[in-house]
Every structure is written in structure tokens, then in C-alpha cells.
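**Student:** sequence and predicted model, in that order:
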Amino acid sequence: MRQVTDAILQRIDAKRDELIALTQALIQIPTINPPGDAYEACARLMGERLRARGFAVEYVRAVGAPGDSDAYPRVNVVARHEGSGSGPCVHFNGHIDVVEVGSGWTVDPFGGTLQDGKVYGRGSCDMKGGIAASMIACEALIEAGIDLPGAIEISGTVDEESGGFSGVGYLAQRGYFSAPRVQHVIIPEPLGVDRVCLGHRGVWWGEVETFGRIAHGSMPFLGDSAVSHMAAFLHLLETDLQPRLQQRHTAEPVQPEGARVSTLNINGVHGGHPEQRYTTNQAGEPTGDLPAPVVAHSCRAVLDRRFIAEENLDAVKQEIVDMLDELTRVRPGFRYAVRDIMSFVPTATPADAPVVQATARAIARVLGREPSYISSPGTYDQKHIQRTGQLRDCIAYGPGILDLAHQPDEYVGIDELVQSAQVMALAVLDLQSVPTA
Ligand SMILES: [Zn+2]
């Protein structure tokens, strides 16, 4: 019994060094977003490797989509290996973009340093380690000569960190994440080797603008400051809305637990005179920009409101509007505008969906323990797959510790890389009902 399963697990074990090398090679391409550096080089590294292993490879540039330009082309790669029959297609989708480096690193962010059983680098955890694991998993299945009745697909997509509109969003609009082409999707985001992520909270990005009346800054009583009006609104957010949000608990298994309520982040505030840099020399004389004395006639705040499955988007926006209307009543001269920037509703794949169950069984087989089911505080590309692709059978599962994402000295553990590749390979066999005895 279980000869096929054991053979695959051993084969992936034997590919440990290959998996490390592939993770390092992906990290060494600095695909920083924004602006979207080196996307094409990274897509081609994935695509040409998979082509050499029998995949049909397409490069799909999101021409005209947000962020795309000749200087920074949004190049996605989709690789497909046909099955021998009419079995379901299992698709692994990873985003190739990484966030900026930031400060505090003790290793080269793009070196792919190997140390103490970990591979370090920007994107190691989020999520080039996961991409490498999914590639090695699929390559092992093909090299083992197993008769797979369905197709396997691997995509490397851009711009997840900035909404995914030129990546998974663009492909989803063109049918790449819809039946009959694809039945199951696994996104190897760094949620941990023993956790299956079913979905995410919703998000509303909005901009609130307050208005004032411009006047000379030496006589502010002749004007009306939009910044002061904004301060009144921000005070209400802190003292009225935030406590209410803290009381709204979700039944979804969001991790970390602090995100099991509604949250609000004031992403940015800007009002009055355009942002400048003020510097002085040793004598205290100004050497940089110089301010002009004006009362602010406009102030804008960008809100990042994360909402739970028990709330709905209209109500989320309405409670902001209600607070602004209240200020209009009690505060002389208060005027405002609210604009939507973007929004996504919460998603949750049912726990009894095939891809969830197959991955759970694979985790139990590889790790010898039952998985936990979680939901993500932030959105990821699953939103496009469910909303545009209309595909419900989608999860996030992959190696790495989520808390390390976007941090200095980000790393992915090598044991986790190998284990997650094993889980992914067994999940494919299970979803395609390949006899393993
Ligand atoms: Zn990610």
C-alpha cells in the first residue's frame, strides 16, 4: 500500500538542495513593487524552467492595466502541463512581487543567504519560497512518471502587494481562473505548513476630504482650517468608532487573534500646503523648501477599514458618513466629501470544499498532525479568483511564518519548504483521484 505516496515523499526529500537553489534564484531577482522591477526576468526564470520540464508556457503582459509601462512591464507567466484524461486541473498561483527592503537587515536582502536551516531574503517567506515549493512538487510528480488524469498549472503573477489588478485580476478577467480551465487553486502564501487558509476579511479603502477657506496664516481667524476640521473627524474615529469596532467579533478563524474584530487604520493624512522638506545649515539658515503662510483649504485622510464577514460593505461606509453628517450638524463650517478607492468583500471557502479536504489529508499524512483552519486579516489574490473567476475551490497554503512577511531579515525554513512541497504534491494526487496503492 501507499507505494506512490511514499515514492513521491522520498523524491521531494531528495530534491531538498534543488528546492533551496530555486528559492535562492527567485530571491536574487529583486522584483520590488512599487515600481515593479525585474518582473519579466522572474517570470522567465519560472517559465523557461517549467518549459524544459514539459509545460506549455505563456507570458501574459497586462498591457494597459494599472502600473504597466514599457519601463515596468507587468509580465505574468502561466505554465500548464496537460493530464492524460479529463481529470480536474489543479493550479498553483504565486505572486512574484515583493515589497521594498526597508531598514534593519543584517544579511543581503537579495543574496538568498543560507544559514541555520533557513533561506534569507526579501520575498523568501512572502512568497518565493512557496512558489519554489509548488514548482518542485509538480516537477516531482511529472518526473515520477505518475499518470495524472488532470492538468497541473503554475502561475507567477505580479502586483499582489498593490492589489493584483495587473496580475491575478487581469488573468481572471480573461478566464485563467475559471472553469472549465481550472477546478482547484492553491496559493502558496506563507500561512504555515500545518494551516489551511480559507479566505480573508473584507476591506474598504476610502478617502475623506474636509474643506476650509484659505486665508493668510498670520490671520487664521479670517479663514477656516480644513486641518482643524479633519482633526475633529480623526478624534471621533479614535474615541467613537475604534471602541465600537473592537466590540465586533467574527466567528471566522482569523489569525492572528487580534484581527478577529473589525479594524481601522488611518493610512495617511495630508492637508494644507504641499508636502515639503525643510532643512537648515549649521547657522540655522534654511537650505531646503520654504513654507508659505496659508490656512488649509483642504485636508484628505485615507482610511483602510478591514471588516468582518458579519458586516456588510454598505454599512461600513454608511457609519463613516453618519459620523461626518453628525459633525456637519455640530461643527460650524464643517463640509466633507467621501470617495471610494477600492473594496473587496470577505471571502471564505467552505471547509468541506475538495481543495480544503485534500490539503488537510495531505498535511495529516506528511506532518502527522491535523491542520488548523484559518482566515487571513488582509486580502490576497483569492479575492480575484472568487469574485472575477467565480471559482470557490481556492485556498492559501504554503511555507513560512506570516509575521515575517515584509520584515527585515525575512526568511523561510528549509524543512518547511520541503514539507509544504510534499503536502502540495499529495494534494494534487488526492484531487485528481490518482490511485496511490
Ligand atoms: Zn504574499
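**Tutor:** Perfect, thanks for sending it. The structure displayed is predicted, hence computed values, not measured ones.
**Student:** packing partners for the helix or strand that contains Val77?
**Tutor:** Using DSSP states H and E, Val77 sits in strand 75-81. For strand 75-81, the packing partners by 3 or more C-beta pairs under 8 Å, 6 or more residues apart in numbering; DSSP states H and E come out as helix 39-51, strand 56-61, strand 150-157, helix 168-173. Quick note: C-beta positions are derived from backbone N, CA and C, even for glycine.
**Student:** off-centre distance for the third one?
**Tutor:** Its chain's average C-alpha position is 18 Å from that of strand 150-157, according to C-alpha atoms, centre = their mean, to the nearest Å.
**Student:** just to revisit the earlier point, and the helices and strands packed on strand 75-81: which comes nearest Glu275?
**Tutor:** helix 39-51 (29.3 Å; C-beta to C-beta).
**Student:** okay, the helices and strands packed on strand 75-81, which one's buried deepest?
**Tutor:** strand 150-157 (a mean of 27; mean count of other C-beta atoms under 10 Å).
**Student:** got the buried residues for the one helix or strand Asp430 maps to?
**Tutor:** Element membership of Asp430 [criterion: DSSP H and E] is helix 414-431. Neighbour-count burial for helix 414-431 flags 414, 416-431 (criterion: 16 or more other C-beta atoms under 10 Å).
**Student:** now the closest residue to the ion within the stretch 51-200 of the chain: how far from Glu161?
**Tutor:** Across the stretch 51-200 of the chain, the shortest distance to the ion (C-beta to the ion) belongs to Asp126, at 4.1 Å. Distance from Asp126 to Glu161, counting by C-beta to C-beta, to the nearest Å: 9 Å.
**Student:** which one of these two is surrounded by more residues?
**Tutor:** In this view Asp126 and Glu161 are compared by other C-beta atoms under 10 Å, and Asp126 has more residues nearby, 28 against 21.
**Student:** can you pull the contacts of the residue nearest to Gly85 when sequence neighbours are not counted?
**Tutor:** In space, and not counting its chain neighbours, Gly85 is closest to Pro149: 3.8 Å by C-beta to C-beta, 6 or more residues apart in numbering. The contact partners of Pro149, by C-beta atoms under 8 Å, 6 or more residues apart in numbering, come to Gly83, Ser84, Gly85, Ser86, Gly87, Gln432, Ser433, Val434.
**Student:** return a ChimeraX selection command for the buried portion of those.
**Tutor:** Selection command for ChimeraX covering only the buried members of the contacts of Pro149, criterion 16+ other C-beta under 10 Å:
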select :83,87,432,434
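**Student:** can I get the contacts of Pro149 in JSON lines including secondary structure, distance to Ala56 and pLDDT?
**Tutor:** Formatted as JSON lines, these follow (DSSP: H, G, I helix; E, B strand; the rest coil; distance: C-beta to C-beta, whole Å; pLDDT from 0 to 100):
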{"residue": "Gly83", "secondary structure": "coil", "distance to Ala56": "13", "pLDDT": "96"}
{"residue": "Ser84", "secondary structure": "coil", "distance to Ala56": "15", "pLDDT": "95"}
{"residue": "Gly85", "secondary structure": "coil", "distance to Ala56": "17", "pLDDT": "94"}
{"residue": "Ser86", "secondary structure": "coil", "distance to Ala56": "18", "pLDDT": "93"}
{"residue": "Gly87", "secondary structure": "strand", "distance to Ala56": "17", "pLDDT": "96"}
{"residue": "Gln432", "secondary structure": "coil", "distance to Ala56": "18", "pLDDT": "97"}
{"residue": "Ser433", "secondary structure": "coil", "distance to Ala56": "23", "pLDDT": "92"}
{"residue": "Val434", "secondary structure": "coil", "distance to Ala56": "21", "pLDDT": "92"}
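**Student:** now, the most widely separated pair of the contacts of Pro149?
**Tutor:** Ser86 and Val434 (13.8 Å).
**Student:** now the strands for the stretch 151-300 of the chain?
**Tutor:** 184-187, 192-200, 202-211, 263-271, 298-307 (DSSP state E, counting those that start in this stretch).
**Student:** looking at those strands, which is buried most?
**Tutor:** Mean neighbour counts for the strands of the stretch 151-300 of the chain (mean count of other C-beta under 10 Å) peak at strand 184-187, with a mean of 26.
**Student:** CA-only coordinates of that strand in CSV, if you can.
**Tutor:** Taking Å, rounded to 0.1, in the frame of the first residue of the first chain, the C-alpha atoms of strand 184-187 are listed here in CSV:
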residue,chain,number,x,y,z
HIS,A,184,-8.8,23.9,-7.8
VAL,A,185,-6.4,26.7,-6.8
ILE,A,186,-3.8,26.7,-4.1
ILE,A,187,-2.0,30.0,-3.4
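**Student:** buried sites along stretch 308-327?
**Tutor:** So for stretch 308-327, counting by 16+ other C-beta under 10 Å, buried means Ile308, Ala309, Glu311, Leu313, Val316, Lys317, Glu319, Ile320, Met323, Leu324, Leu327.
**Student:** name the nearest residue to the residue of the stretch 251-400 of the chain found nearest the ion, ignoring sequence neighbours.
**Tutor:** Nearest to the ion in the stretch 251-400 of the chain, going by C-beta to the ion, is Tyr380, at a distance of 6.0 Å. Nearest residue to Tyr380, sequence neighbours excluded (C-beta to C-beta, 6+ apart): Glu189, at 5.7 Å.
**Student:** list the residues that contact Ala396.
**Tutor:** Counting by C-beta under 8 Å, 6+ apart, Ala396 has contacts Ile186, Ile187, Pro188, Glu189, Leu191, Cys197, Ser376, Tyr380, Gln382.
**Student:** same thing but at 6 Å, please
**Tutor:** Counting by C-beta atoms under 6 Å, 6 or more residues apart in numbering, Ala396 makes contact with Ile187, Glu189, Leu191, Cys197.
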